[in-house]
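Peer 1: next input, structure requested:
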Amino acid sequence: FSILDWTLLLNKAKNLSGNGSRGMRNITKSELAEHASEHDMWCVLSGKVYNIAPFINYHPGGKAILIPHAGTDMTALFNKYHSWVNIDSMIGALCIGSYVDDDKAEDELENVHRSMEPPKPRPL
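Peer 2: Prediction:
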């Protein structure tokens, strides 16, 4: 497969990211790490999480360079070889969410729980 084949697929396919109609969401390091195989491969690029499994067979450098880094932040690796490439135009359709560290996600969840508590009664 070639990048031209990938471009044709991008123009024809719907929902390449595999997220259905769920839209963007926050994804933690621990969840990212669960998607670290050739057929279920997520990565972080510049703070965004992508499901790159549909793309790996079209990657010009081959999938062998991507597989060892599956389920991790690949920003440094991407910038080393492709700093001039516009990520959004190449694989933007594969974006599934934003990367957050596990501690921040726990804090956000705790804030949500606190906001759901009923208000305390005021003394008369």
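
Peer 1: CA atoms for contacts and neighbours, from now on please.
Peer 2: OK.

Peer 1: please name the nearest non-neighbouring residue to Ser17.
Peer 2: Closest residue to Ser17 apart from its sequence neighbours, by Cα to Cα, 6 or more residues apart in numbering: Leu94 at 4.0 Å.

Peer 1: who touches the one you found in this structure?
Peer 2: Contact analysis of Leu94 by Cα atoms under 8 Å, 6 or more residues apart in numbering lists 15-18, 50-52.

Peer 1: which SSE is the residue sitting nearest the centre point of the chain in?
Peer 2: Computing the C-alpha centroid of the chain and ranking residues by Cα atoms, centre = their mean puts Val49 first, at 1.6 Å. Of the helices and strands defined by DSSP states H and E, Val49 is found in strand 48-51.

Peer 1: what's that strand packed up against?
Peer 2: strand 40-45, strand 95-100 (3 or more Cα pairs under 8 Å, 6 or more residues apart in numbering; DSSP states H and E).

Peer 1: put together a markdown table for these, with distance to Gly23, mean pLDDT and mean neighbour count on each row.
Peer 2: Below are the helices and strands packed on strand 48-51 laid out as a markdown table (distance: least, Cα to Cα, whole Å; pLDDT from 0 to 100; neighbours: other Cα atoms under 10 Å):
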| stretch | distance to Gly23 | mean pLDDT | mean neighbour count |
| --- | --- | --- | --- |
| strand 40-45 | 16 | 96 | 23 |
| strand 95-100 | 7 | 95 | 21 |
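
Peer 1: now distance to Tyr81 too, for these, in JSON lines please.
Peer 2: Shown next, in JSON lines, are those (distance: least, Cα to Cα, whole Å):
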{"stretch": "strand 40-45", "distance to Tyr81": "13"}
{"stretch": "strand 95-100", "distance to Tyr81": "20"}
